[in-house]
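1. The sequence isn't on hand, but the structure is:
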């Protein structure tokens, strides 16, 4: 039995659509309407929530049959709502980003850790099969020593008010979207970066200081990670490239839901992982839903069918590096 706590997050609509496709997994008890909050949010329609039962937070806390909350409030409200869920012992899917107050997020994570509360962060590429393949290739040394990783989260959406919304986030678009990249790239590197070079600009046509075009270069003792996040990129193709001393891989786009199969190109200078030397195109088939598999994982954890993954330290590291990458550490 699940409640969607919020309607205002940019991913709220997608999560709601995925929930509706999983009636055999979740019973949607209702939704918490957070539109009265004055914290910044992107412009959107709320018509799809018409007719859905509304609950107050107090009703959620009082109903002991509710087992899980999807925290989908505005970015700035995410930590305070997630903390309340943790204090009431509720398993949760907490959307990103995790807040500009690192100490508050650390409090949430440590409370969940101490009480064994499942905390699934809304980093949407965690169940992406091509990303999992790329992580396996790096982890098992197919590519040799990693020299560089490059990835982008560019997009072309947003109305005339969108730059003002991004500017309110302080860290710009990198704060809002870069966390998705940090989440899956950080395990590819050894430890945390030693320093970051941050460029925060305005995308073409956007007001100065809006932060809608960002680049961060993260340094390790050996190896670099370059993250990009900008709007006005009309082709809207997000990508990943990993280069190592014995091979490299390209994933372009990172995800797709257009009926075409998701593919990754793997290039090896010597045999590795069951692949011969040379170029390979790895086909992961047609992807149908961005969020459903991750939500199924959460349901299995709450039901006790799968162990609660010990991602608490990883989640803290991801957020620390995300803040570093957008100049807010």
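-> All right, it came through fine. Owing to the predicted nature of the structure, the values given are computational and were not obtained by experimental measurement.
2. If you count neighbours, what's buried in stretch 62-74?
-> Counting neighbours by 16 or more other CB atoms under 10 Å, one finds that the buried residues in stretch 62-74 are 66, 67, 68, 69, 70, 71, 72, 73, 74. (C-beta placed from N, C-alpha, C; glycine too.)
3. average pLDDT for whichever helix or strand the fifth one is part of?
-> Using DSSP states H and E, residue 70 sits in strand 68-71. Throughout strand 68-71, pLDDT has a mean value of 98.
4. Find out how far that strand is from the centre of the chain, if you would.
-> 16 Å (CA atoms, centre = their mean, to the nearest Å).
5. for it, packing partners?
-> In terms of contacts (3 or more CB pairs under 8 Å, 6 or more residues apart in numbering; DSSP states H and E), strand 68-71 is packed against strand 2-5, helix 78-87, strand 91-94, helix 292-303.
6. Out of the ones you listed, flag the one nearest residue 326.
-> helix 78-87 (16.0 Å; CB to CB).
7. Against residue 290, how distant is the residue nearest in space to the middle of the chain?
-> With distances taken as CA atoms, centre = their mean, residue 123 lies nearest the centre of the chain, 2.1 Å away. To residue 290, residue 123 is 12 Å away according to CB to CB, to the nearest Å.
8. where do the helices sit along the protein?
-> 12-20, 57-62, 78-87, 102-115, 129-139, 162-168, 172-185, 292-303, 312-325 (DSSP state H).
9. Return the set of buried residues in stretch 162-181.
-> Residues of stretch 162-181 classed as buried by neighbour count (16+ other CB under 10 Å): 162-163, 165-167, 169, 171-181.
10. now do stretch 141-149
-> Applying 16+ other CB under 10 Å to stretch 141-149 flags 142, 143, 144, 146, 149 as buried.
11. re earlier: look up the closest residue to the residue nearest to the centre of the chain, ignoring the ones flanking it.
-> Spatial nearest neighbour of residue 123, chain neighbours left out: residue 183 (3.9 Å); criterion: CB to CB, 6 or more residues apart in numbering.
12. mind checking pLDDT for that neighbour?
-> 98.
13. what about stretch 2-12, distance to the chain center?
-> With CA atoms, centre = their mean as the basis, stretch 2-12 stands 15 Å off its chain's centre.
14. next one: stretch 104-117
-> That offset, for stretch 104-117, works out to 19 Å (CA atoms, centre = their mean).
15. Quick one: mean pLDDT over it.
-> The model assigns stretch 104-117 a mean pLDDT of 98.
16. what's the answer for stretch 80-93, then?
-> Throughout stretch 80-93, pLDDT has a mean value of 98.
17. buried residues in that stretch?
-> 81, 82, 83, 84, 85, 86, 88, 90, 91, 92, 93.
18. Next up, the contacts around the last one.
-> Same thing as residue 93. 15, 68, 69, 70, 71, 120, 121, 122, 294, 295, 298 (CB atoms under 8 Å, 6 or more residues apart in numbering).
19. thinking the third one is in contact with residue 84, fair?
-> So that's residue 69. No - counting by CB atoms under 8 Å, residue 69 stays clear of residue 84, with 9.2 Å between them.
20. how many neighbours does the closest residue to residue 91 other than its chain neighbours have?
-> Once flanking residues are discounted, residue 91 sits nearest to residue 118: 4.1 Å by CB to CB, 6+ apart. When neighbours are defined as other CB atoms under 10 Å, residue 118 has 21 of them.
21. give me every residue that touches residue 169.
-> Residues near residue 169 by CB under 8 Å, 6+ apart: 40, 75, 175, 176, 211.
22. so which of those comes closest to residue 305?
-> Comparing the contacts of residue 169 against residue 305 with CB to CB places residue 75 closest, at 31.7 Å.
23. Against residue 268, how distant is the closest one?
-> From residue 75 to residue 268 the distance is 40 Å (CB to CB).
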